[in-house]
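Asks: 3D model of this:
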Amino acid sequence: LPEGSMPSGRGYLAGDRYYLPLRTESGGEVVTIDLNEAKIVARSKSGDGTVPGNLICHREQVISQNSDWLQSFFQFEPLKREVAKSLLENPENPNAMLRQGEIFFDEDNSSDAVPLFRKASDLYAARATELAQESNEAGYADALASSIYARQLLLQGLLAGLEENFVANQGSIPEIETLIVAPRERIDHLRLLAEGYGQTEQLDAALDAYLKLVRIVATENPMLSIDSSYSVRLSQWVRSRLDGLQNRFSTAQHEQFDQQVASLQEEALRSGSIEEMRSFDFFFGSHPSAVPVKQKLVDLLIAAGEG
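Replies: A predicted model of the protein is given here:
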């Protein structure tokens, strides 16, 4: 089995192959084991980190069940044949495009998946507009939902590409920013920017991304799954990475950083908010600008009966 993995349920037998669900360091996957050769011949990773449960196969679909949920998935090879046939009959079939994109994405091929997600989203959006003009409310709702789903997959594909090769895919950043809707999507994007810019020595841009995350933490501080056995709060992750980034600054970059921290200090003091001052102290408590914030915070806590 892959290093760091363990079975997460019972698998199923199909011919001379056994399909086994696994919990891995990055989430979950299903491995295909050739029983004749006693080796793994394929791995299908969970796109969202879901760990599969007990598996059964029924009518070319795989059903995964654990104590909390029940999920259904298409079998890979029958799906590939069906999609190939649909695209041969109609290359502009948005549903087939979407499925082919998902197949590529499951094979860790985001570069081929992204154009299909983009095209499918555009086709569904155009169809939704046509149906709206025809006052077909049910059809419009379905086409719009499919367009939104395709845009979500497009965002996932672009983010995956950015994570795989930041330098080659840096040009996708403006498009990614137009697709972000949910706060968690923005957090994931900024994390990739901070890490990517840092790894490519674009330290000013990395700092900008980290400081945007500092502002987000005031209202959103989710747990981040680093791997299947380790999670950390966003605030803790940002502080650790920000501390490491400062050690690489030039003299000019240190001066710029001091100016930005001083600006954040003024905002915290001006707000009069205990939470904002606590947040500033958490991230920049060892910085000289933190002294007046600490003093003001103590005064406010005493006044509030918490000192």
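Asks: the helices in this protein, which residues?
Replies: Ranges of helices within the chain are 76-89, 94-106, 110-133, 137-164, 166-169, 173-179, 183-199, 203-217, 234-246, 251-271, 274-284, 290-303, based on DSSP state H.
Asks: Just the buried residues of the fourth one, please?
Replies: Meaning helix 137-164. Using 16 or more other CB atoms under 10 Å as the test for burial, helix 137-164 gives 140, 143-144, 146-147, 150-162. C-beta here means a position set from N, CA and C on the backbone, and glycine is covered the same way.
Asks: about what we covered before: the helices of the chain: lowest mean pLDDT?
Replies: Ranked by mean pLDDT, the helices of the chain bottom out at helix 76-89, which scores a mean of 91.
Asks: Now it: buried residues?
Replies: Within helix 76-89, the residues that qualify as buried by neighbour count (16+ other CB under 10 Å) are 76, 79, 83, 86, 87.
Asks: circling back to that earlier point, right, and the helices of the chain - which one's nearest residue 19?
Replies: helix 76-89 (10.1 Å; CB to CB).
Asks: Show me the contact partners of stretch 195-208.
Replies: Residues from elsewhere that reach stretch 195-208, judged by CB atoms under 8 Å, 6 or more residues apart in numbering: 162-163, 166-167, 170, 193-194, 209, 241-242, 245, 248-249, 253, 256-257, 260.
Asks: What is the distance between stretch 151-159 and the centre of its chain?
Replies: Remark: stretch 151-159 is offset 9 Å from the chain centroid, using CA atoms, centre = their mean, to the nearest Å.
Asks: Just give me the closest of the buried residues of helix 76-89 to residue 282.
Replies: residue 76 (46.1 Å).
Asks: Tell me who's in contact with the closest one.
Replies: By CB under 8 Å, 6+ apart, the contact set of residue 76 is 44, 103, 106.
Asks: For the first one, give me its contacts.
Replies: Which is residue 44. 29, 30, 31, 32, 76, 106.
Asks: Now the most centrally placed residue in the chain: closest residue in space, sequence neighbours ignored.
Replies: Taking CA atoms, centre = their mean as the criterion, residue 188 is the residue nearest the geometric centre of the chain, at 5.2 Å. Distances taken as CB to CB, 6 or more residues apart in numbering put residue 159 closest to residue 188, at 6.3 Å, once the chain neighbours are dropped.
Asks: thought that neighbour was touching residue 189?
Replies: Yes: under the criterion of CB atoms under 8 Å, residue 159 makes contact with residue 189 at 6.6 Å.
Asks: okay, and the common contacts of these two?
Replies: Residues touching both residue 159 and residue 189 by CB under 8 Å, 6+ apart: residue 176.
Asks: related to what we said a few turns ago, what separates the residue nearest to residue 188 from residue 111, distance-wise?
Replies: To residue 111, residue 159 is 13 Å away according to CB to CB, to the nearest Å.
Asks: Ok, residue 155 next?
Replies: 15 Å.
Asks: same check, this time on residue 163
Replies: Applying CB to CB to residue 163 and residue 111 gives a distance of 13 Å.
Asks: same thing with residue 127?
Replies: 26 Å.
Asks: Specify which residue of these two has the higher count of neighbours.
Replies: Neighbour count, other CB atoms under 10 Å: between residue 127 and residue 111, residue 127 has more, with 18 against 15.
Asks: isn't the more buried one right next to residue 143, touching?
Replies: Yes: using CB under 8 Å, residue 127 is in contact with residue 143, at 4.4 Å.
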